[in-house]
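Novice: Whatever this is, show me its structure:
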Amino acid sequence: MFLCIFEALCNELYIAWRSFRAYLRFLFSALNEFGTLLAGHGAIDAACRVYAEAILHHPDNPMGHVNLANLLLRANKHEQARAYYEAALRADPDHAQAYAGIDFGLGPDGDLVLFEANATMMIAAPDPDERWAYRRTAITGVIDAVVAMIREKASGAGNAASPATNRAAG
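Specialist: Predicted coordinates for the structure are as follows:
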């Protein structure tokens with residue numbers, strides 16, 4: 001009889017644990033959405049607190065770290081932003097949005113903040129959505145600069161030792 005009661009109790013605990021885990025997943029989603037809503041209405045400090053709360057309850061979910069990092073970047077808190085992008089990558093080494101934040105970010109005035117440049121850095125075309133209008137000028141500037149560097153390298157300009165220059169001179 002004791003074994004039957006113990007098994008029933010274990011089943012009830014398991015069901016309660018599954019319900020609690022579902023609640024925690026819902027809690028992260030709700031906190032994330034609320035933080036996004038606050039940020040969209042300009043309540044950046046409040047949104048940061050909400051994202052920090054999401055991270056407290058879900059430290060292994062990279063999205064909370066990325067969302068907080070994005071807001072810190074907008075507030076010109078670059079070192080703190082980088083720390084949260086790195087935390088997101090520790091939680092998920094393949095998290096693309098965290099890599100985008102590590103490669104480069106934009107301050108609230110649209111200035112480019114370059115954290116790290118590498119051969120795999122991806123620069124997406126400016127998003128036509130008006131929510132991202134503040135990014136367009138800086139992203140377009142980065143794309144123009146990269147295209148100019150590629151064209152300069154391809155034409156051999158500024159590189160006397162380039163094979164194209166040597167063939168033309170020879």
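Novice: got the domain boundaries for the chain?
Specialist: 2-108, 123-170 (automatic domain parsing).
Novice: mean pLDDT for the ones you listed: which is lowest?
Specialist: Lowest mean pLDDT of the domains of the chain: domain 123-170, a mean of 66.
Novice: where do the strands sit along the protein?
Specialist: 104-106, 112-114 (DSSP state E).
Novice: hang on, the earlier thing: would a markdown table of the domains of the chain with mean neighbour count be doable?
Specialist: (Each C-beta comes from the backbone N, C-alpha and C, glycine too.) Below are the domains of the chain laid out as a markdown table (neighbours: other CB atoms under 10 Å):
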| stretch | mean neighbour count |
| --- | --- |
| domain 2-108 | 16 |
| domain 123-170 | 12 |
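Novice: Correct me if wrong: Thr140 contacts Pro126.
Specialist: Yes: checked against CB atoms under 8 Å, the pair Thr140 and Pro126 is within contact range at 5.9 Å.
Novice: excluding its backbone neighbours, what's nearest Val50?
Specialist: Gly35 (3.9 Å; CB to CB, 6 or more residues apart in numbering).
Novice: and if you look at Asn61?
Specialist: Using CB to CB, 6+ apart, the nearest residue to Asn61 is Phe28, at 5.8 Å.
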